[in-house]
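Student: sequence isn't available, so here's the structure alone:
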């Protein structure tokens, strides 16, 4: 059974840093593009960052230069390092996996809460 489990969320002051992790199981992690999404209260879920199986990365404009996505294929884990956090980064952060031939993200985690206080 495919599973994604996020961890590392919490409460941090504005300007601080946090790293969230996502452990994958039940599928061939190294073949999948991994993404991070977030959803703030009352808002749509939005794309944050993605990393392909070859290590290419993309970011939404609002986090460029502050967030870094990385992956460790030996540990079946994807990370999101978040620096210079702002109150508007407050959201539930979800990781997701997209297969080679898929145009959508096939598997989703349950999310981890990140709260940035001003």
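Tutor: Looks like it arrived, so ask away. The shown structure was predicted, so the numbers you read here are calculated from the model rather than taken from an experiment.
Student: quick one, phi psi at residue 61?
Tutor: When read as degrees, to the nearest 10, the backbone of residue 61 gives phi -60, psi -40.
Student: and it, how far from residue 40?
Tutor: The spacing between residue 61 and residue 40, counted by C-beta to C-beta, to the nearest Å, is 16 Å. No exception for glycine: its C-beta is placed from N, CA and C like everyone else's.
Student: looking at these two, which is more packed in?
Tutor: residue 40 (14 against 6; other C-beta atoms under 10 Å).
Student: what sits against the closest residue to the more buried one other than its chain neighbours?
Tutor: Nearest-residue entry for residue 40: residue 91, 4.3 Å, with adjacent residues in sequence omitted and distances by C-beta to C-beta, 6 or more residues apart in numbering. Residue 91 makes contacts with 38-40, 43, 113-114, as judged by C-beta atoms under 8 Å, 6 or more residues apart in numbering.
Student: narrow those to those in strands?
Tutor: 38-39, 113-114 (DSSP state E).
Student: where do the strands sit along this protein?
Tutor: Along the chain, counting by DSSP E, strands occupy 3-7, 10-13, 18-25, 33-39, 46-51, 57-59, 67-72, 77-82, 91-98, 107-108, 112-117.
Student: could you dump the ones you listed to JSON lines with mean pLDDT?
Tutor: Converted to JSON lines, the strands of the chain look like this (pLDDT from 0 to 100):
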{"stretch": "strand 3-7", "mean pLDDT": "97"}
{"stretch": "strand 10-13", "mean pLDDT": "98"}
{"stretch": "strand 18-25", "mean pLDDT": "98"}
{"stretch": "strand 33-39", "mean pLDDT": "98"}
{"stretch": "strand 46-51", "mean pLDDT": "98"}
{"stretch": "strand 57-59", "mean pLDDT": "98"}
{"stretch": "strand 67-72", "mean pLDDT": "98"}
{"stretch": "strand 77-82", "mean pLDDT": "98"}
{"stretch": "strand 91-98", "mean pLDDT": "98"}
{"stretch": "strand 107-108", "mean pLDDT": "98"}
{"stretch": "strand 112-117", "mean pLDDT": "98"}
